[in-house]
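In: Please work out how this folds:
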Amino acid sequence: MVNISDIRKHYNQGQLYIHELDENPIHQFQTWLKLALDSKCNEPTAMVLSTVSRENKPSSRVVLLKEIAQGGFTFFSNYQSAKGKEMDSNPFVALNFFWSELERQVRVEGRVEKIGEDESDAYFQSRPRESRIGAWASRQSAIVVEGMELQQNYKLLEEKYKGKIIPRPSHWGGYRVVPDKIEFWQGRANRMHDRFCYVKMDDLWTIQQLAP
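Out: Numbering: from 1, shown residues only. The predicted model follows:
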């Protein structure tokens, strides 16, 4: 068996300088995301979403970034899921993007809010038909009692909406994370990584360099 404590990766792809950073972290993120897309990084829009329950217990899962709009990061989910309930009780969340091929990471902290119904409707109708049926068929995070329950629900709904427009469920829609802190991390040799953190104060962003 491999001794995982001996696993090492040497970071040497690039450096990050403060004078190269955009004054606006959203613009800086868009620049990095475009490079991740152009570089064919694996799942470039995947991000870890971390939430906290009423009992102050954190939990994380991977979701997909779908839009950067109005100064925030947009994703979609079931409002009645575990993460949906946690965001209802505590709107402060964190996001984490990691593009291993570029040896880069972006950490985001901020407050989450639901987007407008019109925005959610428009995105829902843009999804593949199978995904729209799936949003109705699955009670996300609920315990599955019978193994075939999900498949049976899916088939019933597939028949119900055959040849019809599938409406967006009221329990499904979009969220936007409005950041107040965004950190950009570039891997460097000897673990001397470059870290620059944007902090929002009175609607203005300041940039701080952090020790690795």
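In: Please count neighbours and contacts with C-alpha atoms only from this point.
Out: Fine.
In: Quick check: chain neighbours aside, which residue is closest to residue 21?
Out: Residue nearest to residue 21 in three dimensions, not counting chain neighbours: residue 28, with 6.6 Å by Cα to Cα, 6 or more residues apart in numbering.
In: quick one: that neighbour from residue 198, how far?
Out: Using Cα to Cα, to the nearest Å, we find residue 28 at a distance of 10 Å from residue 198.
In: between those two, which one's more packed in?
Out: Summary of the neighbour comparison: residue 28 and residue 198, criterion other Cα atoms under 10 Å, with residue 198 having more neighbours (22 against 14).
In: Contact partners for that one?
Out: Taking Cα atoms under 8 Å, 6 or more residues apart in numbering, we find residue 198 in contact with 25, 181-183, 205-208.
In: closest to residue 92 among the residues you listed?
Out: Proximity of the contacts of residue 198 to residue 92 was ranked by Cα to Cα; the top entry is residue 181 with 11.7 Å.
In: Which stretches in this protein count as strands?
Out: The residue ranges that make up the strands of the chain, judged by DSSP state E, are 46-52, 58-64, 67-69, 72-78, 92-99, 104-114, 172-186, 194-201, 204-210.
In: before we move on, back to that, wouldn't the residue nearest to residue 21 be in contact with residue 16 here?
Out: No: distance between residue 28 and residue 16: 11.9 Å, which falls outside the contact criterion (Cα atoms under 8 Å).
In: Name the residues contacting each of residue 28 and residue 198.
Out: Shared contacts of residue 28 and residue 198, defined by Cα under 8 Å, 6+ apart, are not found at any residue.
In: ok, back up a step: now the strands of the chain in TSV, with distance to residue 164 and mean pLDDT?
Out: Converted to TSV, those look like this (distance: least, Cα to Cα, whole Å; pLDDT from 0 to 100):
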stretch	distance to residue 164	mean pLDDT
strand 46-52	31	98
strand 58-64	27	98
strand 67-69	28	94
strand 72-78	22	97
strand 92-99	37	98
strand 104-114	27	98
strand 172-186	19	98
strand 194-201	46	97
strand 204-210	48	97
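In: Could you save these as JSON lines and add columns showing distance to residue 163?
Out: Compiled in JSON lines, those are given as follows (distance: least, Cα to Cα, whole Å):
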{"stretch": "strand 46-52", "distance to residue 163": "33"}
{"stretch": "strand 58-64", "distance to residue 163": "29"}
{"stretch": "strand 67-69", "distance to residue 163": "29"}
{"stretch": "strand 72-78", "distance to residue 163": "25"}
{"stretch": "strand 92-99", "distance to residue 163": "38"}
{"stretch": "strand 104-114", "distance to residue 163": "30"}
{"stretch": "strand 172-186", "distance to residue 163": "22"}
{"stretch": "strand 194-201", "distance to residue 163": "49"}
{"stretch": "strand 204-210", "distance to residue 163": "50"}
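In: Out of these, which is closest to residue 150?
Out: Nearest to residue 150 among the strands of the chain is strand 72-78 (15.6 Å), distances taken as Cα to Cα.
In: ok, that closest one: who's next to it in the sheet?
Out: According to DSSP bridges, strand 72-78 has the following sheet partners: strand 67-69 (antiparallel), strand 172-186 (antiparallel).
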